[in-house]
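Asks: Got a predicted structure here, sequence first:
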Amino acid sequence: MMSWKEEFEAFKARTKGSEKAWTEAKRHIPFGVNSNYRLVDPYPMFVSKARGSRMWDVDGNEYIDFNMAFGALVAGHSHPILVKALRDRVANGTIFGYEGDEAGPLAEHMCKRFRMDRIKFSMTGLDSTLFSVRLARAVTGRKKVVKFEGCYHGSHDTLMVSIKPSKEKSGDEKRPTPVPSSRGLLPELISSSVIAPFNDLDATRAIAEENADDLAAIILEPIPMNMGLVLPKPGFLEGLRKIADDTGAVVLHFESGMLAVLNHSAVVAYPRTNIELHGTEGSLLIEGFGDEVSLLRMEEQTAEVMFTPEQYLEATRGLGGLEGGFTIFLDQLAAAITTGAPPPDLPTFKDGWEVTRLIDAAKLASHERRRVKLSEVG
């Protein structure tokens, strides 16, 4: 086995093209990357193509992709069904500035998958958490949001707090200090984030109760991935639901149902939540937020929604085309998860594709009812 230093030097030796691409990118892109989380030593790897479970960097080195765009690529890279759907969409226009005729069918499909009554689409995960926090504030008339230290929910000001704080700045582990994760954040928005320690129910309850009069929401990944894959302790998620009920706050689960995207029966029983926020697979990312009908009905009025038709087309055709044998596999996997039985073998499809990543988490939705006019929530 190579030492860290040996692997570091081997990486530099085989990635001269990435070093060159990074040097050129820095001429016009700050730090040479479009997400600062990709800025690593000695330089980021630059990818030229990917297919299935494999990707190739600009030097031609081949890698097995265990990351899969942080879980978004459930079907792997460049699946033929999705490639065809995107080509068809591009040939017929992409951005119209109006509603696309595939929005309704896709919304119906996603609601069936996740057992929700309604869903609204947004362009990114950042948008979906921003809109959901805004909706929670509109519903409750309150300002503050409980966010767990180490979790990431997008880079808008309210939640760009205590993502990867240093030990020195984070303070008491039972009562973490809100630490801004970027310069330029408004202090009043930072103070609206109430930071709690994940998996510590007693500490979270104490923090929530202290802020109960102004607590709009509790947001979390039921299984956090940004700080490593951290499983919730038995009773922790149920305890958060009880805290929300007691304080009148809204529960927001972020990226908590990837497995159920492809099969509505492949669902792990989670405590009921108010709003689910999901990403799905494909060359493009789709994010949505949805919950039961009473929270989003709001006198049948609509708020602004951002989308592109190619995303709808990809999801509608892609999800439908990936069913069949894979849904049987997901049924078996769901049964294994819920009963403790051995998991099924990973299937290989007739076109040679293998499913390369399945994301932990899903949900059984049974939601608390609240009302507010959507026309009042932008």
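Replies: Perfect, thanks for sending it.

Asks: all contacts plus neighbour counts: C-alpha atoms, from now on.
Replies: OK.

Asks: For stretch 36-50, list the C-alpha coordinates in CSV.
Replies: The C-alpha trace of stretch 36-50 is given here as CSV (Å, rounded to 0.1, in the frame of the first residue of the first chain):
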residue,chain,number,x,y,z
ASN,A,36,-14.7,26.4,-3.5
TYR,A,37,-15.2,22.9,-2.1
ARG,A,38,-13.4,21.6,-5.2
LEU,A,39,-10.2,23.6,-4.3
VAL,A,40,-7.9,20.9,-3.0
ASP,A,41,-4.1,20.3,-2.9
PRO,A,42,-2.2,20.2,-5.1
TYR,A,43,-4.9,21.2,-7.6
PRO,A,44,-8.4,19.9,-8.6
MET,A,45,-8.8,17.0,-11.0
PHE,A,46,-10.4,18.1,-14.3
VAL,A,47,-12.8,15.5,-15.8
SER,A,48,-13.3,15.2,-19.6
LYS,A,49,-16.0,12.5,-19.8
ALA,A,50,-17.9,9.9,-17.9
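
Asks: what sits up against that stretch?
Replies: With Cα atoms under 8 Å, 6 or more residues apart in numbering as the test, stretch 36-50 has contacts from 12, 15, 18-19, 21-22, 31, 33, 55-58, 77-78.

Asks: In helices only, show me those residues.
Replies: Judged by DSSP state H, helices contain the following of these: 12, 18, 19, 21, 22.

Asks: Tell me the spacing between residue 14 and residue 49.
Replies: 17 Å (Cα to Cα, to the nearest Å).

Asks: typed the wrong thing, it's residue 59
Replies: 11 Å.

Asks: Residue 35 too?
Replies: From residue 35 to residue 49 the distance is 19 Å (Cα to Cα).

Asks: quick one, strands of this protein?
Replies: 47-51, 54-57, 62-64, 118-122, 144-148, 171-172, 175-176, 193-196, 215-220, 250-254, 275-280, 286-291 (DSSP state E).

Asks: Tell me the buried residues in the fourth one?
Replies: What that stands for is strand 118-122. Within strand 118-122, the residues that count as buried by 16 or more other Cα atoms under 10 Å are 118, 119, 120, 121, 122.

Asks: could you dump those residues to a markdown table with pLDDT?
Replies: Compiled in a markdown table, the buried residues of strand 118-122 are given as follows (pLDDT from 0 to 100):
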| residue | pLDDT |
| --- | --- |
| 118 | 76 |
| 119 | 79 |
| 120 | 80 |
| 121 | 80 |
| 122 | 78 |
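
Asks: low pLDDT regions in the protein?
Replies: Residue ranges of the chain with pLDDT under 70: 114, 255-378.

Asks: domains for it, by residue range?
Replies: 4-65, 80-318+357-376 (automatic domain parsing).

Asks: Specify the stretch among those domains that is closest to residue 72.
Replies: Residue 72 lies closest to domain 80-318+357-376 among the domains of the chain, at 4.8 Å (Cα to Cα).

Asks: can you pull out the helices in the chain?
Replies: Counting by DSSP H, the helices of the chain are 4-14, 16-25, 68-71, 80-91, 103-114, 125-140, 167-170, 187-190, 201-210, 236-247, 258-262, 293-297, 309-321, 325-339.

Asks: which of these is buried the deepest?
Replies: Highest mean neighbour count among the helices of the chain (mean count of other Cα atoms under 10 Å): helix 258-262, with a mean of 25.

Asks: sorry, back to before: tell me which of residue 35 and residue 49 has more neighbours.
Replies: Between residue 35 and residue 49, residue 49 has the larger neighbour count (other Cα atoms under 10 Å), namely 14 against 9.

Asks: does the more buried one have beta-bridge partners, and which?
Replies: residue 56 (DSSP bridges).

Asks: Roughly how far does it sit from residue 78?
Replies: For residue 49, the distance to residue 78 - Cα to Cα - is 9 Å.

Asks: same deal with residue 20?
Replies: The value you get for residue 20 to residue 78, if Cα to Cα is used, is 26 Å.

Asks: for residue 18, same thing?
Replies: From residue 18 to residue 78 the distance is 22 Å (Cα to Cα).

Asks: Same question for residue 31.
Replies: On the measure of Cα to Cα, residue 31 and residue 78 end up 28 Å apart.

Asks: what do you get for residue 52?
Replies: 7 Å.

Asks: Name the residue in the two with the higher neighbour count.
Replies: Neighbours were counted for residue 52 and for residue 78 using other Cα under 10 Å; residue 52 has more, 20 against 17.

Asks: so that one sits right up against residue 80, yeah?
Replies: No. With contact defined as Cα atoms under 8 Å, residue 52 does not count as touching residue 80 (9.6 Å).

Asks: and the gap between residue 55 and residue 69?
Replies: Taking Cα to Cα, one finds residue 55 at 11 Å from residue 69.

Asks: what do you get for residue 62?
Replies: From residue 62 to residue 69 the distance is 16 Å (Cα to Cα).

Asks: do residue 139 as well
Replies: Distance from residue 139 to residue 69, by Cα to Cα: 33 Å.

Asks: same check, this time on residue 235
Replies: 30 Å.

Asks: Next, the contact list for residue 84, please.
Replies: Contacts of residue 84 (Cα under 8 Å, 6+ apart): none.

Asks: brain fart, residue 181
Replies: 160, 161, 162, 163, 164, 165.

Asks: so what's the nearest residue to the second one once chain neighbours are set aside up against?
Replies: Okay, so that is residue 161. Closest residue to residue 161 apart from its sequence neighbours, by Cα to Cα, 6 or more residues apart in numbering: residue 180 at 4.5 Å. Residues in contact with residue 180 (Cα under 8 Å, 6+ apart) are 160, 161, 162, 190.
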